[in-house]
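>>> with the input below, show me the fold.
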Amino acid sequence: MKRLLILLMTLIGLAGPAVAQRPAGYPQSYDALIEAARAEGGVRVYGNADAAAMAALIAAFRRTYPGVAVRYEVLESRDIYRRVVTEAQRRVPSADLIWSSGMDLQAKLINDGYAQAYHSPEKPALPADAVWKNMGYGVTAEPVAFVYNRRLIPPGRVPRTHQAFEALLRAGRVPLTGKVATYNPARSNVGYLYLAEDYAITRDTRSLVQAMAATRPWLSPQTEPMLAAVADGRIAIAYNVVGPYALAAAQRDRRIGVVFPRDYTLIASRVAFIARDARRPAAAKLFLDFLLSRTGQTLLARQWLLPVRSDVRAPRLSAGQQRPIRVGPELLVNLDTIKRRRFLADWRAILTEGSK
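Numbers count the residues shown, from 1 in each chain. Prediction:
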């Protein structure tokens, strides 16, 4: 079901300084940007981080920059892509800032000319591979996880590597039939991205997918249904789940266990850019800088949207365990029509063979 939630933060109850203060270390010229943003009155953002997770950050932004309202609209990553393209073609009002976990779709929008360049004052604090063309900014560093039901997968059988996950599937094919879940890459953008990255990292991925196919897995287009199914025991274990959502669910529900595989863990990011035709570009720059600031990153981390900055306290994996998905042109390969068609055809063929 398409989700469209609008979080509109108003001045009511958000008391702050009468005049916004330029952040420490920012150039004096930033004062003019703040004034321009106040004149614009607000910023419109398309994003797919939950509205509830963004509430504290948006409130803090409003306190920091009184007079600059935030309209935050929650959409699925593919819907964000379609709206940006369609609204630009129709020349109708659209978002000023685009922020999505659909890394490849964001890269395509940037590559196709829907973004404008901006050198954020926060750029020196970011990893080099988190910024592309001074347009696309990776805001988060989100590990991809295995998620399991603690009752159905006892401690001694919990897989800690991709190889161990495959071994679990092959050894327990019968009891795990119908009890394994993953994203449907034909319907989930992140599911397709994660699986394509797995294939790029190791040829062993195809064997693992074959082992999953033999269990007749449940394919989900979204994260929440998988987590709910793991919690209540309909699913024993799920593959390649968005880590922050899994960690948040495990914190609420002790039935859920989360593993970040030791051999390698994909690290995904929510990529933000300022729209080429932004009607409120100054406010968009302020909001992007706030997302990238230590304050903004700390607030995101509290909602398990783990920070890309290394100077913000948050749970982290070892450098050797991490396999970051780079923000850049490499992501465009996944969207090649012929490659995607072949990839999904092979996926379906494996599923068909596994169900026999």
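>>> quick one: strands adjacent to the strand ranked longest in the chain?
In the chain, taking DSSP state E as the definition, the longest strand is strand 142-149. Within its sheet, strand 142-149 is paired with strand 237-242 (antiparallel), strand 256-259 (antiparallel), strand 265-268 (antiparallel), according to DSSP bridges.
>>> state the next helix or strand along the chain beyond that strand.
helix 162-171 (DSSP states H and E).
>>> tell me the buried residues in that following helix?
162, 164-166, 168-169 (16 or more other CB atoms under 10 Å). Where C-beta positions appear, they are placed from N, C-alpha and C, glycine not excepted.
>>> again with stretch 306-321
Buried positions in stretch 306-321, judged by neighbour count with 16+ other CB under 10 Å: 306-309, 312, 314, 317.
>>> likewise for stretch 331-351?
Per 16+ other CB under 10 Å, stretch 331-351 contains these buried residues: 331, 334-335, 340, 343, 347, 350-351.
>>> got the contact list for it?
103-108, 111, 185-186, 192-193, 195-196, 199, 206, 209-210, 213, 217, 325 (CB atoms under 8 Å, 6 or more residues apart in numbering).
>>> so where do the helices sit in the stretch 1-150 of the chain?
30-40, 51-64, 77-90, 103-111 (DSSP state H, counting those that start in this stretch).
>>> please work out which of the ones you listed is packed deepest.
Greatest average neighbour count among the helices of the stretch 1-150 of the chain goes to helix 103-111 (a mean of 24), per mean count of other CB atoms under 10 Å.
>>> packing partners for that one?
helix 77-90, strand 97-100, strand 136-138, helix 189-201, strand 271-275 (3 or more CB pairs under 8 Å, 6 or more residues apart in numbering; DSSP states H and E).
>>> out of these, nearest to residue 70?
Ranking the helices and strands packed on helix 103-111 by proximity to residue 70 (CB to CB) places strand 97-100 first, at 9.6 Å.
>>> neighbouring strands - and their directions - for that closest one?
Using DSSP bridges, strand 97-100 pairs in its sheet with strand 42-47 (parallel), strand 271-275 (antiparallel).
>>> average pLDDT across the shortest one?
Right, strand 271-275. Averaging pLDDT along strand 271-275 gives 98.
>>> ok, now the longest one?
Looking at strand 42-47 alone, the average pLDDT works out to 98.
>>> for it, give me every contacting residue.
Here strand 42-47 makes contact (CB under 8 Å, 6+ apart) with 37, 54, 68-75, 80, 83-84, 93-100, 270, 279-280, 283-284, 286-287.
>>> now with 6 Å, please.
68-73, 75, 80, 95-99, 280, 283-284, 287 (CB atoms under 6 Å, 6 or more residues apart in numbering).
>>> can I get that strand as PDB, trimmed to CA atoms?
Only the C-alpha atoms of strand 42-47 are listed here, as PDB (Å, rounded to 0.1, in the frame of the first residue of the first chain):
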ATOM      1  CA  GLY A  42      10.200  26.700   4.900                       C
ATOM      2  CA  VAL A  43      11.400  23.600   3.100                       C
ATOM      3  CA  ARG A  44       9.600  20.600   1.500                       C
ATOM      4  CA  VAL A  45      11.300  17.200   1.900                       C
ATOM      5  CA  TYR A  46      10.500  13.900   0.300                       C
ATOM      6  CA  GLY A  47      11.900  11.100   2.400                       C
END
